[in-house]
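S.K.: A structural model of the following input is requested.
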Amino acid sequence: SIIGTSAAGPPMDVGLVVLLETLSARFEGRSGGLSETEINHLQTAFNRFKIPGESELYTADLQRVLNYLGHILTGEDAIAGVLRGVTQYEYLDFHEFLLFMERFFAYERE
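M.R.: Residues are numbered from 1 along each chain as shown. Sure, this is the predicted structure:
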């Protein structure tokens with residue numbers, strides 16, 4: 001990969017290079033799922049917004065979670081559409097949240 005190399009300056013941060021390559025692979029359809037780095041990032045977001053003292057996240061908080069993750073232009077209709085394929089309940093555990101995010105990323109690529 002040529003990402004991270006530059007004739008004009010110092011090399012890019014390794015974490016940034018990995019993120020850019022992962023995003024590029026996902027956009028081009030070469031990705032087989034979430035990377036360990038992405039899962040860790042999503043775990044941090046999940047923990048930040050989950051119900052205090054519980055291991056679940058209110059589905060009503062998904063808009064805030066997505067905003068926190070940088071998806072600021074995502075509408076409630078898009079979230080509801082993806083969410084219907086994951087759960088019918090008002091809460092998501094972390095596994096369901098990861099499934100939602102994988103499907104959300106696929107929705108964004110469409």
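S.K.: show me where pLDDT drops low in the protein?
M.R.: Residues of the chain meeting the criterion pLDDT under 70: 1-32.
S.K.: run the last query once more with 80
M.R.: For the chain, applying pLDDT under 80 flags the ranges 1-33.
S.K.: So which residues of it form helices?
M.R.: In the chain, the segments counted as helices under DSSP state H are 14-27, 36-49, 62-68, 76-84, 94-109.
S.K.: To Glu56, which of those lies closest?
M.R.: Checking these against Glu56 by CB to CB gives helix 94-109 as the closest, at 8.5 Å. Backbone N, C-alpha and C define where each C-beta goes, glycine included.
S.K.: ok, the closest residue in space to Leu66 that isn't next to it in sequence - contacts?
M.R.: Of all residues not flanking Leu66 in the chain, Thr74 sits nearest, at 5.1 Å (CB to CB, 6 or more residues apart in numbering). Under the criterion of CB atoms under 8 Å, 6 or more residues apart in numbering, the contact list for Thr74 reads 63, 66-67.
S.K.: just Arg64 next, same as before
M.R.: Phe49.
S.K.: Could you measure from it over to Ser35?
M.R.: 24 Å (CB to CB, to the nearest Å).
S.K.: returning to what we had before: distance of the residue nearest to Leu66 relative to Ala106?
M.R.: On the measure of CB to CB, Thr74 and Ala106 end up 14 Å apart.
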